[in-house]
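*Asks:* When you get a sec, could you give me coordinates for this:
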Amino acid sequence: MTSHNGRRVVITGIGLVSPLGTGIEENWTSLMEGRSGIGPITRFDAGPFSTRIAGEVKNYNAEDYIPRKELRKMDPFLRFALVAAGLAFDDSQLKISPDLAPRAGVILGCGLGGLLTIEESHKLLMEVGPKKVSPFFIPMIIGNMAPGLISIYHGAKGPNLSIQTACAAGTHAVGEAFNMVRNGVSDIMITGGVESTITTLAVAGFNAMRALSTRNDEPEKASRPFDRDRDGFVLGEGAAILILEEASRAVERGAKIYAEVIGFGASGDAFHMAAPAPEGEGAARCMQTALDDAGIAPAQVEYINAHGTSTDLNDKYETQAIKTVFREHAWKVAVSSTKSMTGHLLGAAGGVEAAYTALTIDRQMIPPTINYEYPDPDCDLDYVPNQPRKADVSVAISNSFGFGGTNGTLVFRKWNGQ
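*Replies:* Okay, the predicted model is just below:
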């Protein structure tokens, strides 16, 4: 289904900062090698915690895109967002001219904002007093500062929004950005997700929920979506920025097109603060809504980048939701969870996985689900176990489901050049 005015939307730039590396090629090489980005936590002494592992971003240089004097004003999540945006602009070779600026906007997903800055500033407040709290404290922690700074750095004067729908935020951001281009509100949207929450408070909080894996002795094997022995998700961090562009404009300027975005669906479970709805009822409605929006039949989908968190109920119910929507085709469609390698990037996850799905279509290779060793009778689909797979992928979807029962699904298609 196209919009009322027939505008099509394509991805012309991708920027990635993740536990698998910085930039497209580092990330893609890690995906194709089935290399985990999970390791021991180095940011703080994790000894007292039940979970002592995470997917940390390493070896990236923020000064490539941010002046050194500005770095001290930015929480790590803001740095991730700006570096990923810089990489995406480099990749797309897009320049926002003054004439284009009002037609170029930014929408970013973020779950928790500047949690590290909150922790550090609260410690200063308690130990030294209020005069030691930075005047940049508030701008450093609010989620909407990520799209705000991208707008400032790149001159985008169109819609500027932050979406905070927990683990579905990145997917919702891409979906809403897609709608803005499709419906003629903007010609360019800079979108995706960002998160940096590998902190004492976040790990303690998720441990209190018993949500995190405690496979501390084998960190690279801890994230194991759909595997019988999964014991919780692994916290990750990073950012992904996608440049969405009205298709005829992208073609006219000779831009590389990774994939076309053709559908978006969202739903609510109306069930529980943290647990997914039984049998994936909300997830199934979300996927079906996205397929209807795209005008795509379930049998046309060749690949699903699953939410696949490595938690008991999520993996079980997402599998059931896929069966509900795809019926007999559910066993024919390839399903993989790249969280098996990155961990769960919370508000950034949907952006990262949208980028990986677009790259899957562009390169016609499906990333694996690593650490899939012991089949679970409740999870019996084709999860592309442990090795990447060469495949013809013309249509793919990406799922994200978040706390509060919020769901998002994106539909992508190979660009046909017409």
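*Asks:* In the protein, which helix is the longest?
*Replies:* The longest helix of the chain (DSSP state H) is helix 76-92.
*Asks:* same for it, what does it pack against?
*Replies:* Packing contacts for helix 76-92, counted by 3 or more Cβ pairs under 8 Å, 6 or more residues apart in numbering; DSSP states H and E, involve strand 9-18, helix 145-154, strand 188-195, strand 238-246. From N, CA and C alone the C-beta is placed, and that goes for glycine too.
*Asks:* show me where the stretch 301-418 of the chain has helices.
*Replies:* Applying DSSP state H, counting those that start in this stretch to the stretch 301-418 of the chain gives helices spanning 312-326, 339-342, 349-363.
*Asks:* can you put those helices in a markdown table and add mean pLDDT?
*Replies:* As requested, these are exported to a markdown table (pLDDT from 0 to 100):
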| stretch | mean pLDDT |
| --- | --- |
| helix 312-326 | 98 |
| helix 339-342 | 98 |
| helix 349-363 | 98 |
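*Asks:* any chance you could map the strands in the stretch 151-300 of the chain?
*Replies:* Counting by DSSP state E, counting those that start in this stretch, residue ranges of the strands within the stretch 151-300 of the chain are 160-163, 188-195, 238-246, 259-268.
*Asks:* Need the winner for burial among the ones you listed.
*Replies:* strand 188-195 (a mean of 34; mean count of other Cβ atoms under 10 Å).
*Asks:* Direction included, what does it pair against?
*Replies:* Applying DSSP bridges, strand 188-195 is found paired with strand 104-110 (parallel), strand 238-246 (antiparallel).
*Asks:* and Ser394, which of those is closest to it?
*Replies:* Ser394 lies closest to strand 238-246 among the strands paired with strand 188-195, at 19.4 Å (Cβ to Cβ).
*Asks:* correct me, but Ile150 touches Ile188?
*Replies:* No: with contact defined as Cβ atoms under 8 Å, Ile150 and Ile188 do not form a contacting pair (12.0 Å).
*Asks:* which residues do these two both contact?
*Replies:* Common contacts of Ile150 and Ile188 (Cβ atoms under 8 Å, 6 or more residues apart in numbering): Ala156.
*Asks:* how close does Leu78 get to Phe136?
*Replies:* Separation of Leu78 from Phe136 (Cβ to Cβ, to the nearest Å): 10 Å.
*Asks:* more crowded one of those two?
*Replies:* Taking neighbours as other Cβ atoms under 10 Å, Leu78 and Phe136 compare with Leu78 leading, 31 against 15.
*Asks:* neighbours around Pro67, how many?
*Replies:* Neighbours around Pro67, by other Cβ under 10 Å: 8.
*Asks:* and what of Arg327?
*Replies:* Arg327 has 11 nearby residues by other Cβ under 10 Å.
*Asks:* repeat for Pro102
*Replies:* By other Cβ under 10 Å, 14 other residues sit near Pro102.
*Asks:* Quick check: it vs Lys73, distance?
*Replies:* As for Pro102, its distance to Lys73 is 27 Å (criterion: Cβ to Cβ).
*Asks:* who's Phe401 bridged to?
*Replies:* Phe401 has these beta-bridge partners by DSSP bridges: Asn407.
*Asks:* these two touch, right, it and Pro276?
*Replies:* Yes: at 6.1 Å, Phe401 counts as touching Pro276 under the criterion of Cβ under 8 Å.
*Asks:* And stretch 15-30, end to end?
*Replies:* End-to-end span of stretch 15-30 (Cα to Cα, to the nearest Å): 15 Å.
*Asks:* And stretch 322-331, by the same measure?
*Replies:* End-to-end distance for stretch 322-331, by Cα to Cα: 9 Å.
*Asks:* So what touches it?
*Replies:* Here stretch 322-331 makes contact (Cβ under 8 Å, 6+ apart) with 279-281, 284, 287-288, 291, 298-299, 301, 304, 306, 333, 335, 380-382.
*Asks:* Among the residues you listed, the buried ones, what's the ChimeraX command?
*Replies:* Buried subset of the contacts of stretch 322-331, written as a ChimeraX selection, criterion 16 or more other Cβ atoms under 10 Å:
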select :280,281,284,287,288,291,298,301,304,306,333,335,381,382
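*Asks:* Can you give me the buried ones in stretch 129-144?
*Replies:* In terms of neighbour count (16+ other Cβ under 10 Å), stretch 129-144 has its buried residues at Phe137, Pro139, Met140, Ile141, Ile142, Gly143, Asn144.
*Asks:* Residues in contact with that stretch: which ones?
*Replies:* By Cβ under 8 Å, 6+ apart, the surrounding residues in contact with stretch 129-144 are 72-75, 78, 108, 110, 112-115, 117-118, 121, 124-125, 145, 160-162, 164, 347.
*Asks:* among those, which ones are buried?
*Replies:* 74-75, 78, 108, 110, 112-115, 117-118, 121, 145, 160-162, 164, 347.
*Asks:* a markdown table please, covering the strands of the stretch 151-300 of the chain and showing distance to Gly15 and mean pLDDT.
*Replies:* Shown next, in a markdown table, are the strands of the stretch 151-300 of the chain (distance: least, Cβ to Cβ, whole Å; pLDDT from 0 to 100):
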| stretch | distance to Gly15 | mean pLDDT |
| --- | --- | --- |
| strand 160-163 | 18 | 98 |
| strand 188-195 | 8 | 98 |
| strand 238-246 | 4 | 98 |
| strand 259-268 | 16 | 98 |
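*Asks:* Which one of those strands lies nearest to Asn27?
*Replies:* Of those, the one closest to Asn27 (Cβ to Cβ) turns out to be strand 238-246, at 9.0 Å.
*Asks:* quick check, distance from that closest one to the centre of its chain.
*Replies:* Centroid separation between strand 238-246 and its chain, computed with Cα atoms, centre = their mean, to the nearest Å, is 10 Å.
*Asks:* do stretch 150-165 as well
*Replies:* 17 Å.
*Asks:* Please identify which of the strands paired with strand 188-195 is closest to Gly408.
*Replies:* strand 104-110 (9.1 Å).
*Asks:* so what does the helix or strand following that closest one touch, helix or strand wise?
*Replies:* On the C-terminal side of strand 104-110, the closest following helix or strand by DSSP states H and E is helix 115-127. Applying 3+ Cβ pairs under 8 Å, 6+ apart, one finds that helix 115-127 contacts helix 137-141, helix 200-208.
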